[in-house]
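Undergrad: no sequence for this one, just the structure:
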């Protein structure tokens, strides 16, 4: 059990993370359906310009969601008690928050450049912009991998400590570990794709997306449990 103030804080930020990530994910998925491929840069960038307002909102929501991971790590460390494992848990969520925010900022900056500068460009200029965006994409991809790594470590330590201490429901503990495994499998596929061993990154992206769908469920459950795990201050 934890102090009521810590419990209220943990519940608020866990629910905020789940809600913000869910809304942002749904928004970006809806507006991205039907986006043209980069085979025709003119059509692709025209579509980006069209949906830029919605993308902007989704990036802001994602940034707010990522920021919530830092206090979630703090509250879980207080809930589990100070130990090497709880410190690793806290450090993992802190790094996930930092890298996640940088990931979203890089995506927002790349999309903003396209939305602002691509209108009226000649095919040659669009090709130059596309090559420049390719560099941004490489940075964005590695920031995504960094977030997945640290988020998986945070959820893994949450589940492992909870199973050891029995301080959280077993279902929530196993959901935490399941999230970590999905992140690891997705990350492994993406890294193999980077090395040229795997010929498709779709499987890795699908696993990470599945984890992203389960993450709001995990956050909602975690917030409810933390809200109940409190005792009066002495």
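TA: Received, thanks. Please read all numbers here as calculations on a predicted model, not as lab measurements.
Undergrad: Sketch out the low-pLDDT regions of this structure for me.
TA: 1-2, 198-200, 229-234 (pLDDT under 70).
Undergrad: try 80
TA: Regions of the chain meeting the criterion pLDDT under 80 cover residues 1-3, 37-41, 115-136, 196-204, 229-234.
Undergrad: Which residue ranges of it form strands?
TA: Listed in chain order, the strands found in the chain under DSSP state E amount to none.
Undergrad: Who are the contact partners of residue 148?
TA: Listed by Cβ atoms under 8 Å, 6 or more residues apart in numbering, the contact set of residue 148 reads 183, 186-187, 208, 211. Every residue, glycine included, has its C-beta placed from N, CA and C.
Undergrad: which one of those residues has the most neighbours?
TA: Taking other Cβ atoms under 10 Å to define a neighbour, the member of the contacts of residue 148 with the most is residue 183, carrying 26 neighbours.
Undergrad: Which parts of this protein are helices?
TA: When assigned using DSSP state H, the helices of the chain occupy the ranges 4-32, 41-80, 84-117, 123-165, 170-194, 202-228.
Undergrad: Which positions within the second one qualify as buried?
TA: So that's helix 41-80. Judged by neighbour count using 16 or more other Cβ atoms under 10 Å, the buried positions of helix 41-80 are 41, 44-45, 47-48, 51-52, 55, 58-59, 61-80.
Undergrad: Then the first one?
TA: Within helix 4-32, the residues that qualify as buried by neighbour count (16+ other Cβ under 10 Å) are 6-7, 9-25, 27-28, 31.
Undergrad: Return the angle between stretch directions for it and helix 84-117.
TA: Computed by axes from the mean of the first three to the mean of the last three Cα atoms, to 10 degrees, the angle separating helix 4-32 from helix 84-117 equals 40 degrees.
Undergrad: for helix 4-32, packing partners?
TA: helix 41-80, helix 202-228 (3 or more Cβ pairs under 8 Å, 6 or more residues apart in numbering; DSSP states H and E).
Undergrad: do the last one as well
TA: Secondary-structure packing of helix 202-228 (3+ Cβ pairs under 8 Å, 6+ apart): helix 4-32, helix 41-80, helix 123-165, helix 170-194.
Undergrad: how much space between residue 50 and residue 115?
TA: Residue 50 sits 9 Å away from residue 115 when distances are taken as Cβ to Cβ, to the nearest Å.
Undergrad: Please apply the same query to residue 197.
TA: 35 Å.
Undergrad: now do residue 176
TA: Taken as Cβ to Cβ, the spacing of residue 176 relative to residue 115 amounts to 38 Å.
Undergrad: the more surrounded of the two?
TA: Higher neighbour count among residue 176 and residue 115: residue 176, with 24 against 18, using other Cβ under 10 Å.
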